[in-house]
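S.K.: Below are the sequence and a predicted model for it; my questions follow.
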Amino acid sequence: MLTRRKLLDLVGKGIVMAGPAGALMNGANATASPDEHAEPAKPKPPTPTEPTAENYVRRPPRFNDGRDWFMEKRFGLFTHWGIYSVGAWDTVEMYVKGMTRAEYAPYMHKFNPVKFNPDAWLDLCEQAGMEYITFTSKHTDGFCMWNTRETSYNIMNTPYGKDTLKMLADACHRRKFPLCLYHSVADEHNPIYPTAGRPYELAAPEPGDEPDKEKYLALLKRQVQELCTNYGEIHGFWWDGNVMGYKDPAYNNMIRSLQPNAVINNRGFDDGDFGTPERDWDNSVNTELSFQKRTEACQSVGYQSWGYRAGEDYYSLPYLIRSIHKVMAKGGNYLLNVGPKPDGTIPEEAATLLRQIGKWYKSVKESLLDVDAASMMTRNRNVLLTQRGDTLYVHLFKEQEIPAIYLTPIATLPRRATLLNTGERVECEIMAPPRLAQQKPNHCLRLKNLPVSGPASVGLVVKLEFDHLAS
């Protein structure tokens, strides 16, 4: 087995090694010394949490079927929309406030999204560079945003009286825009749901309820069947709220039989097709150099909530760009959420953020799609690398301390270096900095005079084109 020092020496000589492209590995978390340019006095053997040539996955494995759209369209819009928007609340306000059904359900009679225009949503997606959308069919409050036969607690019995999901699905199909559906297992409205006071449930069954797990699961299956048969092609199913912890692959198998091109997440009744780290709460988003399994990170533009909320604190543009940048450079998909208003429009604060993100994303998109993760080629943990053939992309996904990047131990001069964001040339040199004085090799590639200050410093990507770059 190669030691870490031996691997880095080989990299410095242009001999780059990688694990099998289709391998699924666990727990390959990146570690680094406090000084990114300094090597420990004594080399340590690889540990299970340290990436090595043997366990380094360069990109998550493909499905090799119709689900491979998910590996190509990697940036999507998440929408959390329901009658909770009438109160300008978060999606789980019924649970948080401990509201009864009698207190909460009347909001459906105030829900009238007369300005809902699915094409306007998709126009915004395209301005942001997003290539698919995930729509909330039902959240934990139990209100159904489609014309279901299984309950009257649905969009057809609001003042609006139109099937919002059908309207969106028709627009998506017309524009060939992949549509995915979010669906909660937990249901605070249905009297047969097996309420047990778990998170996102009522504290206890209400008078007259008849909790019955088997009956509820059968109803849930019928509703999922409606969603997968009445709305044309569905490209994904995003389970949530399985707080009862029930496992049964039959649910996902049914979805796959009805919608073979649909990817399914890991929050339902089995492990599904991909993981769903949320809001950076899963530390693997920060520690892994590349995602070892298919991953779709999810984040909301709102710091407090997923739905439309009065007085929301929106994340800053630099924060969101760096979050997207970090995930996508590691091979993950990114699902960014907005909470539409009760009239069906996207809040202008959220729309502005999406348009600004789109300007950045479109300028660097070539460095994030159809590339291999290549961060093992450098010890610098303040940057991430992706690779396509003889081209290396350097992702400055963090706030930088200095206007230079040292790509230790890479010591080859590219024939061209370009700042993708602006198209400007980047100065490069091979030099022997003092911090490498005791190392072999004692020289490396330096990118200098980078614009790391000011608003334009966020999400920088340097494109390095080499005559030959080993893969």
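M.R.: Sure thing, it's come through.
S.K.: Angles on the backbone of Arg355, please.
M.R.: phi -70, psi -40 (degrees, to the nearest 10).
S.K.: Can you tell me the closest non-neighbouring residue to it?
M.R.: Gln127 (5.1 Å; C-beta to C-beta, 6 or more residues apart in numbering). C-beta: built from backbone N, CA, C; applies to glycine.
S.K.: Next up, the contacts around that neighbour.
M.R.: 354-355, 358 (C-beta atoms under 8 Å, 6 or more residues apart in numbering).
S.K.: right, and the secondary structure at it would be what?
M.R.: helix (DSSP: H, G, I helix; E, B strand; the rest coil).
S.K.: Before we move on, what's the pLDDT of it?
M.R.: The per-residue pLDDT reported for Gln127 equals 98.
S.K.: I'd like the distance between it and Lys362.
M.R.: Using C-beta to C-beta, to the nearest Å, Gln127 is found at 9 Å from Lys362.
S.K.: Same check on Ala120?
M.R.: Shown here: Ala120 relative to Lys362, a distance of 20 Å by C-beta to C-beta.
S.K.: which of these two has more neighbours?
M.R.: Ala120 (15 against 12; other C-beta atoms under 10 Å).
S.K.: which SSE is that one in?
M.R.: helix 118-128 (DSSP states H and E).
S.K.: got it, and Leu464?
M.R.: Using DSSP H and E, the element containing Leu464 is strand 460-465.
S.K.: in the helix holding Ala120, what's buried?
M.R.: Under the neighbour-count criterion of 16 or more other C-beta atoms under 10 Å, helix 118-128 has 118, 121-122, 124-125, 127-128 buried.
S.K.: between those residues, which is nearest Asn147?
M.R.: Nearest to Asn147, judged by C-beta to C-beta, of the buried residues of helix 118-128 is Pro118 at 15.5 Å.
S.K.: Enumerate every residue touching that closest one.
M.R.: 167-168, 170-172.
S.K.: Next, format those as CSV and append pLDDT.
M.R.: Output for the contacts of Pro118, formatted as CSV (pLDDT from 0 to 100):
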residue, pLDDT
Met167, 98
Leu168, 98
Asp170, 98
Ala171, 98
Cys172, 98
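S.K.: now those: which count as buried?
M.R.: Using 16+ other C-beta under 10 Å as the threshold, 168, 170-172 are the buried ones among the contacts of Pro118.
S.K.: which of these lies closest to Tyr303?
M.R.: For the buried ones among the contacts of Pro118, the closest approach to Tyr303 (C-beta to C-beta) belongs to Leu168, at 26.3 Å.
S.K.: The closest one - that's part of a helix, no?
M.R.: Yes - membership of Leu168 in a helix is supported by three-state DSSP.
S.K.: And it, how far from Thr91?
M.R.: From Leu168 over to Thr91 (counting by C-beta to C-beta), the distance is 18 Å.
S.K.: now Ser323
M.R.: Taking C-beta to C-beta as the measure, Ser323 falls 20 Å from Thr91.
S.K.: again with Cys125
M.R.: Cys125 is 20 Å from Thr91, by C-beta to C-beta.
S.K.: Could you do Thr391 as well?
M.R.: Going from Thr391 to Thr91 by C-beta to C-beta gives 42 Å.
S.K.: Which one of those two is surrounded by more residues?
M.R.: Legend: neighbour count by other C-beta under 10 Å for Thr391 and Thr91, higher for Thr91 (27 against 17).
S.K.: Name the nearest residue to the more buried one, ignoring sequence neighbours.
M.R.: Distances taken as C-beta to C-beta, 6+ apart put Gly307 closest to Thr91, at 4.4 Å, once the chain neighbours are dropped.
S.K.: Could you double-check that the one you found lies in contact with Trp89?
M.R.: Yes - taking contacts as C-beta atoms under 8 Å, Gly307 lies within contact range of Trp89: 6.6 Å.
S.K.: Quick check: phi and psi at Gly302.
M.R.: Phi and psi for Gly302, reported as degrees, to the nearest 10, are phi -90, psi 130.
S.K.: Numbering from 350 from now on, please.
M.R.: Sure, I'll start counting at 350 from here, so that last one is Gly651.
S.K.: before we move on, back to that, and which of the buried residues of helix 467-477 is nearest Gln648?
M.R.: Closest to Gln648, out of all of these and judged by C-beta to C-beta, is Ala477, at 13.3 Å.
S.K.: For the closest residue to Ile751 other than its chain neighbours, which residues are in contact?
M.R.: Nearest residue to Ile751, sequence neighbours excluded (C-beta to C-beta, 6+ apart): Val801, at 7.2 Å. Applying C-beta under 8 Å, 6+ apart, we find Val801 in contact with 745, 748-749, 751-752, 809.
S.K.: which of the residues you listed are buried?
M.R.: The neighbour-count criterion (16+ other C-beta under 10 Å) marks 745, 749, 809 among these as buried.
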